[in-house]
Structure formats: structure tokens, C-alpha cells
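# Have a look at this prediction, sequence included:
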Amino acid sequence: MHSSDGDPARTNTAPHREFPAYGPIEAVFGYALFYVLVERATPSVVEMFSQTVLDLSPSTVRFGLAAALWFVLVVTAFDHGRRQLAALGLVSYDEYRLRVWSRVTPSSLRTAGYLVALLVGGSVAALTFQPAVETLLSLFSVFTTVDPTRLDVVGLVTMVAFFVAYGAATHSLDRLVVGAIRALSAD
């Protein structure tokens, strides 16, 4: 029997039903999006911080952005490595982050919901990606000029729709793939 810190909800859960832990695919796609957004925003951020806001050298701003990319990558990899080890019962992981319903393979109804969310979310994200990036980049000029009249409300709604759709699609893809791996390994 597998037990984790005396939690009765986990005492009868076999480790193979918890491994792999949910989240790695979602994390990879989340980091990829973060990387693309930082890469696209770098010229605007460099201009904003080197010419208008803080008068920093462009190389310092680029170094800061590169350091942020590496920091997020290391923290994400460490967190998900720890989650996978916790799913195997080798280390502990904060229980509030692990939900009981996410410890097993999804039901057929939940799987159908994930498929719908993946298709709809992926389609909306694909359609709104470029406008969302353009809106994000335009926000830098709004902040540097402190001119709220330049704020594009429709663009902001589109950007929010993109992030919600992208999050729903990557979350669903993660649950589908990890659930399939769990189902195949349970046989």
C-alpha cells in the first residue's frame, strides 16, 4: 500500500495510478509561450527600459530578460521533477496542490470535456494569438507614455481570451496525455 504522510485519502492509492503526475505537458507549453512572448517583447522592453524608464543599457536589459527565462525554466523543471518524484512516493509534495480527483485516470465524461476544451481552446488560441501578442506589445507604449487613451479595449479582451483559451487547451492536453499514459501503464 502506498501512503503519503498519513493522508487517509492517499493510503489506498497505488503509485502507478499517480504516476506520471499531471502537469509536465502544461508546463512545457506554458514555458514555450513565456519564451515566445519574452522573445517578441524584448525589443520593446529594451527600448522602454533603456530609453524612457530607467536609462539602463540595452545589454543589461537583455541580460535581465535572459536571466528571467533561465530562472523560470529552472524553477519549472525543479517543481515538476519534484511532482514526479512525489507521484512515485519518493519525496513529499504539498498536499493542497494535489487534488484527489486528479490522482487517477479521468473518467470518460471528463475525457470528453477535455477533448472539447482542447479543440475549442486550441482553435480560439490559434485565432487570437497574433492579435494578443500585438496588444501585449502595444501595452508597453501605453505604460511608457502613461496615456490610457491608447489602450485598446477590444485588444485587451482578445488577449484575455487568448490566455484563457491557451490555458484551457494546454491543461486539457496535459490531462489527456497523462491520463492515457496512466491508463496504458495500469493494464
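Yep, it's here. Numbers count the residues shown, from 1 in each chain.

# In the chain, where is pLDDT below threshold?
For the chain, applying pLDDT under 70 flags the ranges 1-18, 53, 93-106, 186-187.

# tell me what the longest helix belonging to it is packed against?
The single longest helix within the chain, with elements called by DSSP state H, is helix 108-145. Using 3 or more Cβ pairs under 8 Å, 6 or more residues apart in numbering; DSSP states H and E, the elements in contact with helix 108-145 are helix 24-47, helix 153-186. C-beta coordinates here come from the backbone N, C-alpha and C atoms, glycine included.

# between the longest one and helix 24-47, how many degrees?
What separates the directions of helix 153-186 and helix 24-47 is an angle of 150 degrees, with axes from the mean of the first three to the mean of the last three Cα atoms, to 10 degrees.

# List the buried residues for helix 153-186?
155, 158-159, 161-162, 165-179, 182 (16 or more other Cβ atoms under 10 Å).

# Counting by contacts, list what that helix packs against.
Contacts defined by 3+ Cβ pairs under 8 Å, 6+ apart place helix 153-186 against helix 15-18, helix 24-47, helix 108-145.

# Please identify which of the ones you listed is closest to residue 91.
helix 15-18 (12.6 Å; Cβ to Cβ).

# just to revisit the earlier point, make a markdown table from the helices and strands packed on helix 153-186 and add distance to residue 79 to it.
What follows is these, written out as a markdown table (distance: least, Cβ to Cβ, whole Å):
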| stretch | distance to residue 79 |
| --- | --- |
| helix 15-18 | 16 |
| helix 24-47 | 8 |
| helix 108-145 | 22 |
